[in-house]
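In: coordinates only, sequence not included:
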């Protein structure tokens, strides 16, 4: 006990000395997120999440060698209080696995070199809310795509090596020996994917009928040849910033292939994380010179997904029959402009173009060649057109910040999310908003049409 | 032929006037008696944007005070490199990192061009996205960081945006700052300049500016709306920093007041360091990407 006390005392003294020398910086926040599901006249509490996050930075040698770490913990009491949600308490009610360590890395800068070694997240691309090139890290979708991207990406241990051969350019090499799978909400949570629920119903029904499920999750062994590799070249050509990107590694979502044996009445389902590749690029340009385009920012991403594991199935029965490794394409263009003194308008259009296999794989029945939505097991458009429009502004000396985000597709499904941020005090921020989902129950947003919610967030920073 | 010579002579005159209008970078200029309003204001802009210094490093604190006296506070770390480079038209580059808890990590990189009609290029590091977001230049009449200053008050207004008249020369009556209750620049000899925006309609119809004869800094101004009513006062405390035998005048404190709302903003610039030899590599997207918070 004495030894522990002495150790704590020494560490506190060292931290105090470092803090006094401006070597150590600490920061963090405490936050409450509360959501109410609004269905007809009955409201249910669907979230009462309390979060604490602490970040620390220690400058070992000025700005040349710096250690940074961020830890986070949260607990959602709504899973304890609601009988309907109780089933999901174990998986959805508190932070999972090693997700509590959000960042833990060492930064080393020397001339044109910059190295970031450790647990971190990487954001590629220019798209907002649509992950086209932003695929280096797996994602946590237990609350769908509603949280900030910094909380959606699951950090991984990696070496992030950068070299700048000339001003405004950068070559980035990523070596990610770590691996994790993307997360989705477990049954009981408000944002459980329909595919998960449908599968659960199917499995239980089949098991009652005497069928057996042989389900194996084949995670990639942590070996060098299963590592993820990334390469990004960034440069500026005139007024145009551009990147060229390449990513190779295991897909972060397990994909089921299904085989049924009539003799043993067994479903054999290997759940595998297939290797895929991304070839792509991004750009941005602001028109700064006088003319009709002055003040407009254009930005875009384009990616060619080689061997992306894609569900195919029967669009009539809304059931998946397995996966195909298709070469899909995804591109986006965004336009931003500030208007009327303090308003910002941001519009995006994206197309996700799935490889159409009908003429290529004649071994499967026609109904098994159609692409299926991985979130719902409903039919997916071979070409999905995605739109988003965001309006934001600020009033009362930046104290009041309203915004509206409307994201939708050409299938009459989408999400409307108005929100207001109000700075109560220096370090106290209140957010109030609504998420309104609409569309077909088999569509990505439409599946949550019964989960419209009103929410508040109160955040104290220090 | 005669016409051609006349045309060339005309062009030479126009160009000569234009070039005479540009003050060379990295020099120290001070206004003198007998200068025209245009000449005084060229120096005022030159001093305002610290074009005399190769680079500037400072920490800033901004206080936002509403009419009830409730105060909010934001801290920044600012760096600027002055380039005045004609090959790629870049006048200077600014990097501002927010260091106060609520917005810690938020950072902006801005490149300002020499062509006065050209807008700035801006990049934003957004901690909630953990990525750089290219952004359109903010509207000139929008508030700067939620303050009582507009973006053009602080960042974007250029000499070419207004026409100037020298109203008179007088000793400034002094400004009592609400932040520290001190009176600044009492009986300081000043040029009084009336500046009218070329843009019309615009959110102000004119501003009356007191330019310190000693430094060339615009120490106080009153702004008038299109109906002729005064709607804002801006005060800037300029102090002299001797650097390598030269006297650099720099804004140490700014106070903006809006009598319509009773709101005021105070910006303090501290730990000011000039000509530290900052590298241009610090003013790139990669440098912004290295943000940790």
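Out: Thanks, I have the structure now. Worth saying up front: this structure is predicted, and the values here are computed from it rather than measured.
In: Return, as residue ranges, the portions of the stretch 351-462 of chain A with sub-threshold pLDDT.
Out: A:357-368 (pLDDT under 70).
In: List the residues that contact the residue of the stretch 1-150 of chain A found nearest chain B.
Out: Chain B sits closest to residue A:123 of the stretch 1-150 of chain A, with a gap of 3.5 Å, by C-beta to the nearest C-beta. To be clear about C-beta, it is placed using only N, CA and C from the backbone, and glycine gets the same treatment. Neighbouring residues of residue A:123 by C-beta atoms under 8 Å, 6 or more residues apart in numbering or on different chains: A:134, A:136, A:149, A:153, B:129-131.
In: Assign a three-state SS to the closest residue to chain A within the stretch 1-150 of chain B, would you?
Out: Going by C-beta to the nearest C-beta, chain A is nearest to residue B:146 of the stretch 1-150 of chain B, at 2.5 Å. Judged by DSSP: H, G, I helix; E, B strand; the rest coil, the three-state class of residue B:146 is coil.
In: Adjacent strands (with direction) for the strand or helix carrying residue B:58?
Out: Using DSSP states H and E, residue B:58 sits within strand B:55-65. Partners of strand B:55-65 in the sheet, by DSSP bridges, are strand B:71-85 (antiparallel), strand B:263-274 (antiparallel).
In: Just send the contacts of residue A:123 back as JSON lines, with pLDDT and distance to residue B:53 too.
Out: Formatted as JSON lines, these follow (pLDDT from 0 to 100; distance: C-beta to C-beta, whole Å):
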{"residue": "A:134", "pLDDT": "97", "distance to residue B:53": "39"}
{"residue": "A:136", "pLDDT": "97", "distance to residue B:53": "40"}
{"residue": "A:149", "pLDDT": "95", "distance to residue B:53": "38"}
{"residue": "A:153", "pLDDT": "96", "distance to residue B:53": "40"}
{"residue": "B:129", "pLDDT": "92", "distance to residue B:53": "33"}
{"residue": "B:130", "pLDDT": "92", "distance to residue B:53": "33"}
{"residue": "B:131", "pLDDT": "92", "distance to residue B:53": "32"}
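In: In strands, which of those residues fall?
Out: Within the contacts of residue A:123, residues falling in strands by DSSP state E are residue B:131.
In: Surely residue A:215 is in contact with residue A:272?
Out: No: using C-beta atoms under 8 Å, residue A:215 makes no contact with residue A:272, being 11.6 Å away.
In: Between those two, point out the one with more neighbours.
Out: Using other C-beta atoms under 10 Å in any protein chain shown, the more surrounded residue of residue A:215 and residue A:272 is residue A:272, with 19 against 12.
In: ok, the closest residue in space to that one that isn't next to it in sequence - how many residues close by?
Out: Spatial nearest neighbour of residue A:272, chain neighbours left out: residue A:218 (4.7 Å); criterion: C-beta to C-beta, 6 or more residues apart in numbering or on different chains. Other residues near residue A:218 come to 11 when the count uses other C-beta under 10 Å.
In: Kindly report the same for residue B:259.
Out: Neighbour number of residue B:259 under other C-beta under 10 Å is 12.
In: where's it relative to residue B:222, distance?
Out: Per C-beta to C-beta, to the nearest Å, residue B:259 is found 10 Å from residue B:222.
In: Pull the contacting residues for residue A:388.
Out: A:128-130, A:346-348, A:405-408.
In: could you measure it against chain B, distance?
Out: Residue A:388 sits 14 Å away from chain B, going by C-beta to the nearest C-beta, to the nearest Å.
In: Would you mark the buried spots in the strand or helix carrying that residue?
Out: Assigned by DSSP H and E, residue A:388 belongs to strand A:383-392. Of the residues in strand A:383-392, A:384, A:386, A:388, A:390-392 count as buried by neighbour count, 16 or more other C-beta atoms under 10 Å in any protein chain shown.
In: So what sits opposite the residue lying closest to residue A:161 once chain neighbours are set aside in the bridge?
Out: Nearest non-adjacent residue to residue A:161, counting by C-beta to C-beta, 6+ apart: residue A:173, 4.6 Å away. Using DSSP bridges, the bridge partners assigned to residue A:173 are residue A:161, residue A:231.
In: hang on, residue A:173 packs against residue A:230?
Out: Yes: the pair residue A:173 / residue A:230 is scored as a contact, 7.3 Å apart, by C-beta under 8 Å.
In: quick one, which of the two is more surrounded?
Out: Each of residue A:173 and residue A:230 had its neighbours counted (other C-beta under 10 Å), and the higher figure belongs to residue A:230 (22 against 13).
In: quick one: common contacting residues for residue B:259 and residue B:222?
Out: With C-beta under 8 Å, 6+ apart, residue B:259 and residue B:222 have common neighbours B:230, B:232-233.
In: Those residues of the stretch 51-200 of chain A touching chain B, which are they?
Out: A:55, A:57, A:66, A:68, A:103, A:107, A:109, A:112, A:114, A:116, A:121, A:123, A:126, A:128, A:134, A:148-150, A:153, A:162, A:164, A:167-168, A:170 (C-beta under 8 Å from any C-beta of the partner chain).
In: Now restrict these to buried residues only.
Out: A:55, A:57, A:66, A:68, A:103, A:107, A:109, A:112, A:114, A:116, A:121, A:123, A:126, A:128, A:134, A:149-150, A:153, A:162, A:164, A:168, A:170.
In: what does the stretch 151-293 of chain B have sitting close to chain A?
Out: Residues of the stretch 151-293 of chain B lying near chain A (C-beta under 8 Å from any C-beta): B:263, B:265, B:280-281, B:284-286, B:290, B:292-293.
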